[in-house]
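[1] Model the following, please.
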Amino acid sequence: MKQKDIFLFLIPGFILVLAWVVFSIYHNSVTSTISETLSKNISPINPTFDKKTIDDIKNRNLVQPLYQLNNIVSIPPNSSKSAGNQASSGGNLK
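    I've put the predicted structure just below:
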């Protein structure tokens, strides 16, 4: 192949790739990924806060959690209340 033949393939290929990149960048900048209904629902947060409530939260007492329970009540597995709703061996309630 001659050098002229190679340029006949390279120059249109380069122009095609360059146009593809330019149109992709343009398409991505014009197209939004946020739907129209969602963009209507987005609104800025009101920057005014209730300072009294924030001060009350800062001044509240520190609560220490308990990691042990002293009075544990255990319920036997076969209590008389649930005896009427026991399933049969076939899975149907009697």
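
[2] Next up, phi/psi of Ile57, please.
    Reported as degrees, to the nearest 10, the phi and psi values for Ile57 are phi -70, psi -40.

[3] Burial check on it, number of neighbours?
    Using other C-beta atoms under 10 Å, Ile57 has 8 other residues around it. Where C-beta positions appear, they are placed from N, C-alpha and C, glycine not excepted.

[4] what does the one 10 residues further on give?
    By the other C-beta under 10 Å criterion, the neighbourhood of Tyr67 contains 5 residues.

[5] And Thr37, by the same measure?
    Counted with other C-beta under 10 Å, Thr37 comes out at 7.

[6] Listing request: residues of the chain with sub-threshold pLDDT.
    Within the chain, the stretches with pLDDT under 70 are 1, 72, 78-94.

[7] any chance you could map the strands in it?
    Counting by DSSP state E, the chain has no strands at all.

[8] count of residues packed around Asn70?
    Neighbour tally, Asn70, other C-beta under 10 Å: 5.

[9] quick one: it from Tyr26, how far?
    Distance of Asn70 to Tyr26, given as C-beta to C-beta, to the nearest Å: 71 Å.

[10] for Ile45, phi and psi?
    Torsion angles, degrees, to the nearest 10, at Ile45: phi -80, psi 140.

[11] Name the residues of the helix ranked longest in the chain that are buried.
    Ranked by residue count, the top helix of the chain under DSSP state H comes out as helix 3-30. For helix 3-30, burial by neighbour count (16 or more other C-beta atoms under 10 Å) applies to no residue.

[12] just checking, what packs against that helix?
    Of the remaining helices and strands, none touches helix 3-30 by 3 or more C-beta pairs under 8 Å, 6 or more residues apart in numbering; DSSP states H and E.

[13] from the middle of its chain, how far away would that helix be?
    Mean-position distance between helix 3-30 and its chain equals 39 Å (C-alpha atoms, centre = their mean, to the nearest Å).
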